[in-house]
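Chemist: curious how this folds, go ahead:
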Amino acid sequence: MIKVLKKISNTIQANITLPASKSISNRLLVLQKLYNLSIQIHNLSDSDDTKVLYNCLHTESKNWDVENCGTAMRFLISYAAITSGNYILSGNERMHERTVKPLVDALRALGTEINYIEKEGYPPLIIVGKDIIDYPETIQIDGSVSSQYVSSLMMVGCKLDKGLNIQLTGIISSKPYIQMTLKLMQNLGLDILWDEEKNIIYSKKYSEQNSSVQNYNIESDWSAASYSYLWVLAIPNLQIDIENISINSVQGDSICIEYFKKFGVSTKENSHNHISMVKDKNIIQNELLFDCCDCLDIAPTLALAAFITQTKVTLTGLQNLKHKESDRLKVLCTELNKFSPNSATIISDDVLYIHRTAQINFDETLETYGDHRIAMGFSVLASYGDLKINNPDVVSKSFPGFWDEMGKAGCEL
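Modeler: Next comes the predicted model:
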């Protein structure tokens, strides 16, 4: 357990160093390995997720334990399925509760050999990787469950002899992450496009060719940047400056700029890839509605913004929160109501309503449930009183330096 202490400060200008985007990092690692691309990657994420994926891709062992890294599990399933060898993919207890059935079903339709070791539809898996020769050129996958399933298939499509057409069904979830995968692949010279009217992604086989080394500098992580908005919102007179991040980012969570403007936090670009966040006066609205379907990772941040400002906020599009590191919808409601009773209500499996009317009870201890985004989101409560947190090290999953950076914003451990 740690205790985060409230520290009273005057005007602060904090220069926050964010981790590199793990979404971009993880995609580049898979594409580099899969297509033997000459990429010089700069500013690779130091998150646990990226380290796990890197280690799996660069070990001689084919017994891969991804711990609780859902991205690694989903990306490696497709990678292993078309790469020669006998693989075992496993994770921790929570990972074995997170379904991979839609992705496995789509890969089986291609003729890959994937078997469940324990429970049908869930890791751990045995995968017999092999060249796929006789397969249907078009497969279907439900895009409403996880964009990572779609990205996983996209990244292997250009490796297949006939390429691959992916027909997306359902309401597409986290569309910006699919667009991120598309743009990265196109930038690396892979022949892939998305017809959004037909909801079909077309890819053609990549022909290896000698080329000069490409340098790719990975920008800072916008999901991590969302917590800086919380600190600016909570701490009077605080300005936060962040470098190596763009307001025109390929990352979908840059929607923070628009969403937090409604809470009264403005964002300005000082120079190329250098932004500042500052709180405006008396702009917070009484009632707000946010659709989180395309930005699920910042749902906890928005919930805490509502909580600390006592704004009536409805979050929609949350149906996939239960598939995260914790059942994040349930956990958010439980912990918000622990610190202030009746402040959060689950309206349905995709809607959360937040409105705090009572004081915050700092006698309570935050349980993190092994979920990094719960720890980082609730840390903002330390701006109002001394906060006790169990298992604070979970932040290393995406933001290893989180507690040090929070100290720059005016709190101390």
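
Chemist: pretty sure Leu352 sits in a strand.
Modeler: Yes - counting by DSSP: H, G, I helix; E, B strand; the rest coil, Leu352 falls inside a strand.

Chemist: Gln186 and Ile192 touch, don't they?
Modeler: Yes - in this structure, Gln186 is within contact of Ile192 by CB atoms under 8 Å, at 6.3 Å. Every residue, glycine included, has its C-beta placed from N, CA and C.

Chemist: so which of these two has more stuff around it?
Modeler: Ile192 (23 against 13; other CB atoms under 10 Å).

Chemist: so who does the more buried one touch?
Modeler: Met154, Gly157, Cys158, Leu182, Met185, Gln186, Ile201, Tyr202, Ser203, Lys204 (CB atoms under 8 Å, 6 or more residues apart in numbering).

Chemist: now the residues you listed in CSV, with distance to Ser383?
Modeler: Supplementary listing: the contacts of Ile192 in CSV, determined by distance: CB to CB, whole Å:
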residue, distance to Ser383
Met154, 41
Gly157, 46
Cys158, 47
Leu182, 39
Met185, 41
Gln186, 42
Ile201, 43
Tyr202, 49
Ser203, 47
Lys204, 52
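
Chemist: now, these that are in helices?
Modeler: Among the contacts of Ile192, the members falling in helices are Met154, Gly157, Leu182, Met185, Gln186 (criterion: DSSP state H).

Chemist: what's the PyMOL line that selects buried ones from those?
Modeler: When burial is assessed using 16 or more other CB atoms under 10 Å, the buried subset of the ones in helices among the contacts of Ile192 is captured in PyMOL by this command:
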select buried, resi 154+157+182+185
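
Chemist: can you list the ones in helices among the contacts of Ile192 in a markdown table and add distance to Asn165?
Modeler: Below are the ones in helices among the contacts of Ile192 laid out as a markdown table (distance: CB to CB, whole Å):
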| residue | distance to Asn165 |
| --- | --- |
| Met154 | 11 |
| Gly157 | 8 |
| Leu182 | 14 |
| Met185 | 15 |
| Gln186 | 16 |
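
Chemist: can you name the two of the ones in helices among the contacts of Ile192 that are farthest apart?
Modeler: Maximum pairwise distance among these (CB to CB): 12.7 Å, between Gly157 and Gln186.

Chemist: what sits in contact with each of Gln186 and Ile192?
Modeler: Overlap between the neighbourhoods of Gln186 and Ile192 is empty, taking contacts as CB under 8 Å, 6+ apart.

Chemist: in contact with the most far-flung residue of the chain relative to its centre, which residues?
Modeler: Using CA atoms, centre = their mean, the residue of the chain lying farthest from its centre is Asp134. It sits 34.7 Å away. Contacts of Asp134 were listed using CB under 8 Å, 6+ apart, and they are Gly111.

Chemist: got phi/psi on it?
Modeler: The main-chain torsion angles of Asp134 are listed as degrees, to the nearest 10 and equal phi -100, psi 100.

Chemist: in the stretch 301-413 of the chain, which spans are helices?
Modeler: Taking DSSP state H, counting those that start in this stretch to define them, one finds helices in the stretch 301-413 of the chain at 328-339, 372-378, 402-408.

Chemist: which other helices and strands contact the second one?
Modeler: For helix 372-378, the packing partners by 3 or more CB pairs under 8 Å, 6 or more residues apart in numbering; DSSP states H and E come out as helix 222-234, helix 299-309, helix 328-339, strand 365-366, strand 387-389.

Chemist: what's the mean pLDDT across the first one?
Modeler: What it means is helix 222-234. Mean pLDDT, helix 222-234: 95.

Chemist: likewise the second one?
Modeler: pLDDT averaged over helix 299-309 equals 96, rounded to a whole number.

Chemist: with the fourth one instead?
Modeler: Along strand 365-366, the predicted local confidence has a mean pLDDT of 96.

Chemist: what does it contact?
Modeler: With CB under 8 Å, 6+ apart as the contact definition, strand 365-366 has outside contacts at Met1, Glu335, Phe339, Ile374, Ala375, Phe378, Leu381, Leu387, Lys388, Ile389, Asn390.
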